[in-house]
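[1] pasted the sequence and its predicted model underneath.
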Amino acid sequence: MAKPLQIMETVLRDGHQSLLATRMRYRQMEPMLASLDKIGYKALEAWGGATFDSCLRFLDEDPWERLDNLKKNLKNTPIQMLLRGQNLLGYNHYSNDVVEKFVKHASAHGIGVFRIFDALNDVRNLRVAIKAALECPEKPEVQGCLVYTISPVHTNEMFVELAKELQEMGCHSVCIKDMSGLLAPYAADDLVKKLKAGLDIPIELHTHCTSGFGHATYLKAIEAGVDIVDCALSPFSSDTSQPCTETIVAMLQGQERDTGLDRQAMTPIAKHFLGVKKELIEEFGLKGYFDINVNVLDFQIPGGMLSNLANQLKEAGMEDKYQDLLDEMPRVRADAGYPPLVTPSSQIVGTQATMNVMAGERYKLVPNEFKDMVRGKFGRTPVPVDRDFIINTLKIPADQIIEDCSVEDAKGETFAQFKEEVINKGYLNPTDEDVLSYALFPQVAEEFFKKHYKQITAYKRDA
Ligand code: CO
């Protein structure tokens with residue numbers, strides 16, 4: 001029986017996060033929203049990941065307002081967001097009530113699909129966010145992720161077990177999140193078949209073209225029965241981004257898994273976004289394209305981070321260190337217990353590798369985040385980190401090694417405490433959304449408040 005393949009479109013989130021450092025503005029999206037809404041996508045990913053941070057930090061936009069505007073213009077297509085479980089969108093773990101508040105407000109502002117993942121695939125970090133999303137009155141779709149990686153310890157069977165656990169937790173669908181394009185076509189065939197055999201809920205595949213596998217991996221996954229694939233419209237596709245929407249639609253036309261989507265209707269939208277791409281490259285001095293690099297199979301840096309890293313090195317005048325850094329990444333990852341490399345673990349491993357290379361000596365400088373990861377603060381690493389490395393190389397006392405990360409989360413700052421902090425800084429009547437922005441990105445949110453909330457300080461508290 002013919003079952004059309006569904007497409008989730010990433011042009012508004014991962015596309016520009018992967019190729020253009022997340023710099024697309026709402027006003028550059030707006031003219032095409034009505035057209036995008038008519039295509040028949042399964043969902044449009046538009047929020048989460050780095051978009052929230054980038055809105056506040058670089059674009060002078062309130063991310064909540066952007067979401068409201070998107071929702072106003074997308075009447076038929078659910079808006080999808082990417083959420084890092086107990087990390088939300090920040091780089092730390094948050095206490096449960098902050099996670100619950102965030103999910104509740106995101107749903108109320110229009111998120112229709114919550115894609116939830118944990119960088120370490122530790123389900124303890126997903127429980128609170130999944131439960132909160134399942135309880136939202138708007139009834140959003142709740143999607144759990146397998147963060148895909150390859151290492152001497154990872155197998156497809158392990159991913160299937162994890163997916164079953166996500167289904168048991170109440171997830172409506174499961175996504176194979178392959179953030180660096182590591183999933184090879186035949187591995188995808190095997191993994192999708194096993195997931196389809198072991199689970200009752202839809203399976204979605206998210207990949208990047210970093211290694212060059214992308215389109216081939218999708219074709220094998222489609223033949224194996226994957227329900228949904230993530231694609232980006234041509235100007236924001238390929239390289240370190242997703243496979244191309246129009247190509248996948250054309251590839252399946254007249255075939256068993258025909259998407260039924262109108263490729264011609266995508267042409268004017270793609271044309272608009274090609275213009276946007278040119279504007280962003282020009283304005284922010286970005287590179288905008290990345291060569292295929294099959295060595296990503298060794299260094300495993302996700303698309304978004306690779307583009308940031310390339311730009312950072314360029315700014316620091318250290319472009320010549322690029323290869324050293326790529327070589328150091330897998331060594332640091334092995335030391336850290338083979339975490340999948342995705343935000344924030346990719347930043348943590350990437351930063352440590354950068355310091356090792358720049359200092360010319362390994363682990364001479366060790367940021368706290370790296371210490372926290374190896375001592376278990378963010379959850380269990382796939383392989384336990386060598387105690388000798390923790391205690392003797394990194395000089396972390398044995399009593400700081402953490403067995404249960406959820407106990408640590410409970411000690412985190414509560415929503416009420418964050419609110420008090422915002423008020424104490426002189427922003428006397430913050431909305432819940434302001435408090436959440438501040439909880440996630442304190443410094444950038446405060447800078448944003450300074451520009452936009454001056455008038456609030458004129459009021460007396462409790463007035
Ligand atoms: Co991605």
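    Everything's here; your move.

[2] what about the residue in the stretch 101-250 of the chain that the ion sits nearest to, neighbour count?
    Across the stretch 101-250 of the chain, the shortest distance to the ion (CB to the ion) belongs to Met179, at 4.7 Å. Where C-beta positions appear, they are placed from N, C-alpha and C, glycine not excepted. For Met179, the neighbour count with other CB atoms under 10 Å is 30.

[3] gap between it and Gln347?
    12 Å (CB to CB, to the nearest Å).

[4] confidence score at the residue nearest to Asp372 when sequence neighbours are not counted?
    Of all residues not flanking Asp372 in the chain, Phe378 sits nearest, at 6.5 Å (CB to CB, 6 or more residues apart in numbering). We have a pLDDT of 90 for Phe378.

[5] likewise Ala2?
    Among the per-residue scores, Ala2 shows a pLDDT of 67.

[6] and the one 5 residues further on, by the same measure?
    pLDDT, Ile7: 98.

[7] packing partners of whatever helix or strand Lys277 lives in?
    Using DSSP states H and E, the element containing Lys277 is helix 263-284. Contact analysis of helix 263-284 by 3 or more CB pairs under 8 Å, 6 or more residues apart in numbering; DSSP states H and E lists helix 26-39, helix 245-252 as its packing neighbours.

[8] before we move on, the earlier item: so the residue of the stretch 101-250 of the chain closest to the ion lies in a strand, does it not?
    No: using DSSP: H, G, I helix; E, B strand; the rest coil, the assignment for Met179 is coil, not a strand.

[9] center of the protein - which residue?
    Gly49 (4.1 Å; CA atoms, centre = their mean).

[10] that one against Leu89, yeah?
    Yes: at 7.4 Å, Gly49 and Leu89 qualify as touching, with contact defined as CB atoms under 8 Å.

[11] look at the closest residue to Asn76 other than its chain neighbours and report its pLDDT.
    Nearest non-adjacent residue to Asn76, counting by CB to CB, 6+ apart: Asp37, 5.3 Å away. Note on Asp37: pLDDT of 98.

[12] residue contacts, Asp37?
    For Asp37, the contact set (CB atoms under 8 Å, 6 or more residues apart in numbering) comprises 44, 73-77.

[13] ok, 7 Å please
    Applying CB atoms under 7 Å, 6 or more residues apart in numbering to Asp37 gives the contacts 73-77.

[14] ChimeraX command for the buried members of those?
    Only the buried entries of the contacts of Asp37 go into this ChimeraX selection, using 16 or more other CB atoms under 10 Å:
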select :73,74,77
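
[15] give me the subset of the contacts of Asp37 lying in helices.
    Those of these mapping onto helices are Asn73, per DSSP state H.

[16] dump the contacts of Asp37 to CSV, plus pLDDT.
    Converted to CSV, the contacts of Asp37 look like this (pLDDT from 0 to 100):
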residue, pLDDT
Asn73, 98
Leu74, 98
Lys75, 97
Asn76, 98
Thr77, 98
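
[17] just send the contacts of Asp37 back as CSV, with distance to Arg57 too.
    Converted to CSV, the contacts of Asp37 look like this (distance: CB to CB, whole Å):
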residue, distance to Arg57
Asn73, 24
Leu74, 25
Lys75, 30
Asn76, 31
Thr77, 27
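
[18] among the helices and strands packed on helix 263-284, which is nearest Lys371?
    In terms of CB to CB, the element of the helices and strands packed on helix 263-284 nearest to Lys371 is helix 26-39, at 37.9 Å.
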